[in-house]
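*Asks:* show me how the following folds:
(one chain, ligands or ions: 2)
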Amino acid sequence: MVEKRTPLPVAEAVKKVVAQAFSIGAETVDLEESYGRILAEPIIASSDVPPFDRSPYDGFAIRSIDSVGATGDNRIAFKVIDHIGAGEVSSKKLQAFEAVRIMTGAQLPKEADAVVMFEQTQETGEGITIRKPFLPLENVSLQGEDLRKDEVVIESGSFINPGTIALLATFGYSQILVAKQPTVGILSTGTELLAVEDDLVPGKIRNSNGPMIVAQLKRMGLHCKMYGMSIDNLDESYRVVKKAAEETDCLITTGGVSVGDFDFLPAIYEKLGAQVLFNKVAMRPGSVTTVAVANGRFLFGLSGNPSACFTGFELFARPALLKMMGAQKLYMPHTKAVLGEDFKKANPFTRFIRAIYDGKTVSPAGFNKSNAVSSIARGNALIVLPGGSRGYQIGDTVDVLLLGSEEGAARWQL
Ligand code: AMP
Ligand code: MG
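*Replies:* Ligands and ions are numbered 1, 2, ... in the order given. Have a look, this model is predicted:
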């Protein structure tokens, strides 16, 4: 008898998975290794930024008071007494009607409070003349104008992007505490599977899901442990799954979660005593996507159909792994867009269509069945059509989830 499964709405399934995901501690890494990791401590400003008043231009540092009354007819002359570049500090004490020739980034002499740009001056034999008055602090980049010492600049739990790295470097963090990354295993199941380098033989196909998931993990900055391929045999698959589940925080399998005669994952979960969070989701493709937990480790049972496998990873594995990585923004960014072509199929379940989004319109990325490979490669987004809808027309506004963003969104929006 075929087992009856109750489909769970996608949003509930996402919620269930995320609720089971926990951060797995923190570790210290070198700054150069920290891109893409999640901060496990706040970044505190160890100094003002900038740390001193400085010139934002190449020009002349003056005392603004000396410029009062300058006009085109009454140019005021300054004697240039020193010349400094960025990194240098003038040792001269600026007196009335004196200027220091100063380059961008150089510290302002103590007595100076304004900078005259080159193009606002005329050079004379021993200095410059100017034709307008300067206000106190005009053209001065003030100490602490960007950030103040001791302020919390970035909260713990934030994604480390290139700008975060710049801040960490600014404040002298050569090492930084980040959330640990989960160990993820990948196992592709199916007697029909060949290795990538194998020649095609009748009835067999090459394993594309395994390498695809490696790349999906890599896009999140995660490495994985490969458990290769296993044939559809209960004992053999059980042995590999058990071992892999013990050695990893999260095992992703592909194939074998449906109700076919050779789909052994449900029996394996049972034998492992795993808690199955769900084994049917009200979505296409990938309705058989199964997520279980055994001894605090995740078991993601993704469909073998490539599009379903891809979508199942992005919808469920990705937010769970991000949460384990300590992230707060777990979800694909959501937007709305205008459908670029008709989509006539009815949607009994929520439908996720691999699609091309150009910032305004979104169109299916070609062949659209759960076993499609081509549309995964061509797409950069997923169109989401709600369950119970009858088909959509060109020009309709639809929900879109964006794939491949460096950092996700804090809320699940659908
Ligand atoms: P399954 O989920 O095991 O019922 O497999 C569903 C479909 O996906 C079948 O047509 C399989 O041949 C195909 N498939 C399963 N595993 C893979 C894989 N690793 N790479 C590509 N296709 C696969
Ligand atoms: Mg199979």
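*Asks:* and the residue in the stretch 301-414 of the chain positioned nearest to ligand 1, which helix or strand is it part of?
*Replies:* Closest approach between the stretch 301-414 of the chain and ligand 1, counting by Cβ to the nearest ligand atom: residue 304, at 2.4 Å. No exception for glycine: its C-beta is placed from N, CA and C like everyone else's. Following DSSP states H and E, there is no helix or strand that holds residue 304.
*Asks:* neighbours of it, how many?
*Replies:* 26 (other Cβ atoms under 10 Å).
*Asks:* now residue 390
*Replies:* 9.
*Asks:* picking that back up, wait, the residue of the stretch 301-414 of the chain closest to ligand 1 sits on residue 253?
*Replies:* No - judged on Cβ atoms under 8 Å, residue 304 makes no contact with residue 253 at a distance of 9.3 Å.
*Asks:* so what sits against both of those two?
*Replies:* Both residue 304 and residue 253 are contacted by 188, 189, under the criterion Cβ atoms under 8 Å, 6 or more residues apart in numbering.
*Asks:* dig out what the nearest residue to residue 412 once chain neighbours are set aside forms beta bridges with.
*Replies:* The shortest distance from residue 412 to any non-neighbouring residue, by Cβ to Cβ, 6 or more residues apart in numbering, is to residue 331 (4.9 Å). Taking DSSP bridges as the rule, residue 331 bridges to residue 409.
*Asks:* for the remainder of this discussion, apply numbering that starts at 4.
*Replies:* All right, first residue 4 from here; so that's residue 334.
*Asks:* got the confidence number for residue 334?
*Replies:* Looking at residue 334, its pLDDT reads 97.
*Asks:* what of residue 280?
*Replies:* pLDDT recorded at residue 280 is 98.
*Asks:* got it, and the one 10 residues further on?
*Replies:* Residue 290 carries a pLDDT value of 97.
*Asks:* list the residues that contact it.
*Replies:* Residue 290 neighbours (Cβ under 8 Å, 6+ apart): 10, 283, 284, 352.
*Asks:* taking these, tell me the two that lie furthest apart.
*Replies:* 283 and 352 (9.8 Å; Cβ to Cβ).
*Asks:* give me the common contacts of those two.
*Replies:* Joint contacts of residue 283 and residue 352 (Cβ under 8 Å, 6+ apart) are 10, 290.
*Asks:* for the chain, which helix is longest?
*Replies:* helix 237-250 (DSSP state H).
*Asks:* can you list the buried residues in that one?
*Replies:* Residues 240, 241, 243, 244, 247, 248 are the ones in helix 237-250 that count as buried (16 or more other Cβ atoms under 10 Å).
*Asks:* what does stretch 101-116 give?
*Replies:* 101-106, 108-112, 114-116.
*Asks:* returning to what we had before: so which elements touch the longest helix of the chain?
*Replies:* Other elements packing on helix 237-250 under the criterion 3 or more Cβ pairs under 8 Å, 6 or more residues apart in numbering; DSSP states H and E are strand 187-192, strand 227-233, strand 253-257, helix 268-275, strand 300-305.
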